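A.B. asks: missing the sequence, but the structure's below:
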């Protein structure tokens, strides 16, 4: 059977995240810069000649109906293919981290199965499936670092200088919905401009979700303080609980607490699967 092995699904960091308003339907309006990093999950796909979808967890156990399986079922149903797939996943990106791991897995699944099943769908046909799975999935399908606005659907590619970043994921996680429900969340930050961001992209704005997240999860504050003790300028990514800082050459870090995950990452100019889907825009 045809296979696609070692398919990467990279994480992202929010260089900043501003909440600029809230729509009548409750959705929050945001501005952010999404940056791809080389902390990746790895997926392996084998085509099946019957419409069976099965997942094999090679590291940690995932929920039965995770975003990988939801993405696979979505594309299978929309395309009316007679093929199925065996999907094996080596999970590395932590969950409840604000790093988009589940959304990235879903996007890489759509891109891989589009190729494995010989569908050859253009990006415009995959994007609605991705958006239905989660607001971050279209970003990973586009495959470029991006300026993101609206409720996450307005995506403009941006160029970023290369850099190294240290990322800390405390043991505790946070559910995004808890932060957005909090009455203390800042919801009226003045809109920023891409021109202003471009001057200092790694030291711009703030994360409006961070104060609420720190109140809900003290470990976030501990991780921020730990990074700051090395002279770094850390902030939280997304809705947390992961935090990060740009890491200049020459800075040596000690071992973090044993319950924390730490990784030194480089940013990526484009997604590893860039070119796997044709853009018809």
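C.D. replies: Ah, there it is. All of these numbers come straight from a predicted model, not from anything done at the bench.
A.B. asks: What segments of the chain are strands?
C.D. replies: With DSSP state E as the criterion, the chain has strands at 3-22, 28-48, 53-57, 84-90, 146-150, 154-157, 164-169, 235-236, 243-246, 261-266.
A.B. asks: What's the end-to-end length of stretch 20-33?
C.D. replies: Stretch 20-33 has an end-to-end distance of 14 Å (Cα to Cα, to the nearest Å).
A.B. asks: Correction: the previous question concerned stretch 126-142.
C.D. replies: Length of stretch 126-142, first residue to last, Cα to Cα: 10 Å.
A.B. asks: Tabulate the strands of the chain (TSV), appending mean neighbour count.
C.D. replies: Every C-beta, even on glycine, is put in place using the N, C-alpha and C of the backbone. Formatted as TSV, the strands of the chain follow (neighbours: other Cβ atoms under 10 Å):
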stretch	mean neighbour count
strand 3-22	20
strand 28-48	21
strand 53-57	14
strand 84-90	20
strand 146-150	20
strand 154-157	14
strand 164-169	23
strand 235-236	24
strand 243-246	24
strand 261-266	16
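A.B. asks: Tell me which of those approaches residue 253 most closely.
C.D. replies: Closest approach to residue 253 among the strands of the chain is made by strand 164-169 (6.4 Å; Cβ to Cβ).
A.B. asks: Determine how far the lengthiest helix in the chain lies from the middle of the whole chain.
C.D. replies: Of all the elements of type helix in the chain, the one with the most residues (DSSP state H) is helix 101-116. With Cα atoms, centre = their mean, to the nearest Å as the basis, helix 101-116 stands 13 Å off its chain's centre.
A.B. asks: Flag every buried residue along that helix.
C.D. replies: The neighbour-count check on helix 101-116 (16 or more other Cβ atoms under 10 Å) flags 101-116 as buried.
A.B. asks: ok so, going back, just send the strands of the chain back as JSON lines, with mean pLDDT and distance to residue 201 too.
C.D. replies: As requested, these are exported to JSON lines (pLDDT from 0 to 100; distance: least, Cβ to Cβ, whole Å):
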{"stretch": "strand 3-22", "mean pLDDT": "97", "distance to residue 201": "6"}
{"stretch": "strand 28-48", "mean pLDDT": "97", "distance to residue 201": "7"}
{"stretch": "strand 53-57", "mean pLDDT": "98", "distance to residue 201": "36"}
{"stretch": "strand 84-90", "mean pLDDT": "98", "distance to residue 201": "31"}
{"stretch": "strand 146-150", "mean pLDDT": "96", "distance to residue 201": "10"}
{"stretch": "strand 154-157", "mean pLDDT": "96", "distance to residue 201": "14"}
{"stretch": "strand 164-169", "mean pLDDT": "98", "distance to residue 201": "12"}
{"stretch": "strand 235-236", "mean pLDDT": "98", "distance to residue 201": "13"}
{"stretch": "strand 243-246", "mean pLDDT": "98", "distance to residue 201": "10"}
{"stretch": "strand 261-266", "mean pLDDT": "97", "distance to residue 201": "15"}
